[in-house]
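>>> Have a look at this prediction, sequence included:
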Amino acid sequence: MTLKRLGAAAVGLTLAVGFLTIVFTATHYATDWFFTALGITPQPIVQQLAASILGLIVIVLMAGAMMLVNRGRLETMQLRLLGPIVEALGKIAQGDYTVRLNHPELRGRGVEPVGILVNSVNTLAQELDQMEAMRQEFISNVSHEIQSPLTSIRGFARALHAENLTATERAHYLNIIETESVRLSKLTENLLALASLDSESYTPDPKPYRLDLQVRDVVLACEPQWQEKQIEMDVATEPTTLTADKDLLNQVWINLVHNAIKFTPPQGKIQIELHHVASDVEFCITDNGIGISEADQTRIFERFYKADPSRERARGGSGLGLAICKKIVDLHHGTIQVTSKVGHGSTFAVRLPVETK
């Protein structure tokens, strides 16, 4: 590349010198002819000065003419190249994110400024299109999750108007209405939590505290649930001081413990471990429940994603719990992973730096 540039510079310099030589030679003969025609014999220095001035005038005029020509060509090129770009940006501003720049004049310009601009506009449109698709899917999921309990509540509320209902049937309908109301309330709380966590102005409030004591408090708070299913709970924690947002991480442990209890069969087993790994701390919770397929493991932390929608609905899940967990862990610059095998249980591992900046 350097040799090519040196060669191009040498050729350009040679052409420039040749051009100047031709111009000044021509002006020399032109001034000589002019003075001869007038019958004047000037001193050599005067004739040389006149030839030089005339040469400069010729060069300036030629440069001006070239600039005018190039300016017209540049304006034409700008209209031809920038016109489609401006049109595409206008469509994007109006909400059309499917627009792509494939104009013939714009092809093959990937290394030029125009080509870079074209690629940037196409990338912007593609990302906005993906965000719009995610937004539409999110709205659809929210609408479905809200409509489902409302439909049940409305249906069973109408059924309660029947005068021939037995006390058992009436109690059953009221229990369903209460359950669906709780699910709707939980969904609203989760949506508000996600909205708060997604806010750019939201930042965690890290303070040092004993993580091992927090984990044990969560397990004790959930004791009625795992005792009811006669689940064996094995908790092994090392004394661990963590600098993080205590309230936020409490939501993570509650969600993970509740999920483990929910999907572990009666008389099953849940194992919780908390230990140091280098400069990090790792929380692992393992159950011997129904497990998660490999295909579902790649999407389990997506919002509203349910590995088994019918089974989740029966258990009152909204598909937001793990999404909230991942968001909180991400805010603490940590990681959350799952390893599972269908029919053999699951392990969720959360790894966090001891100090969150």
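Everything's here; your move. Numbers count the residues shown, from 1 in each chain.
>>> For the chain, which helix or strand comes out least confident on mean pLDDT?
Lowest by mean pLDDT, DSSP states H and E among the helices and strands of the chain is helix 309-314, with a mean of 46.
>>> my guess is residue 326 contacts residue 336, does it?
Yes - under the criterion of Cβ atoms under 8 Å, residue 326 makes contact with residue 336 at 5.5 Å. Placement of C-beta: from N, CA and C, glycine included.
>>> any common contacting residues for the two?
residue 301 (Cβ atoms under 8 Å, 6 or more residues apart in numbering).
>>> Which per-residue confidence value corresponds to residue 145?
The score at residue 145 is 68. That number is its pLDDT.
>>> for the one 10 residues further on, same thing?
Among the per-residue scores, residue 155 shows a pLDDT of 87.
>>> For residue 89, see how far away it is.
According to Cβ to Cβ, to the nearest Å, residue 155 stands 50 Å off from residue 89.
>>> just checking, next helix/strand downstream of the least confident helix or strand of the chain?
Counting by DSSP states H and E, the next helix or strand C-terminal to helix 309-314 is helix 321-331.
>>> in that next one, what's buried?
321-329, 331 (16 or more other Cβ atoms under 10 Å).
>>> I'd like the residues you listed as a markdown table, with pLDDT and distance to residue 133 appended.
Compiled in a markdown table, the buried residues of helix 321-331 are given as follows (pLDDT from 0 to 100; distance: Cβ to Cβ, whole Å):
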| residue | pLDDT | distance to residue 133 |
| --- | --- | --- |
| 321 | 81 | 23 |
| 322 | 87 | 21 |
| 323 | 86 | 17 |
| 324 | 85 | 22 |
| 325 | 89 | 24 |
| 326 | 91 | 20 |
| 327 | 88 | 20 |
| 328 | 89 | 25 |
| 329 | 92 | 25 |
| 331 | 88 | 25 |
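>>> give me phi/psi at residue 276?
Dihedral pair for residue 276: phi -90, psi 140, per degrees, to the nearest 10.
>>> tell me the contacts of it?
By Cβ under 8 Å, 6+ apart, the contact list for residue 276 reads 238, 240, 282, 354.
>>> Please spell out which residues along stretch 199-208 are buried.
Buried-residue list, stretch 199-208, by 16+ other Cβ under 10 Å: 204, 206.
>>> Show me what the helix or strand encompassing residue 123 is packed up against.
Residue 123 is part of helix 113-159 when elements are defined by DSSP H and E. Packed against helix 113-159 by the contact rule (3 or more Cβ pairs under 8 Å, 6 or more residues apart in numbering; DSSP states H and E) you find helix 44-93, helix 167-198.
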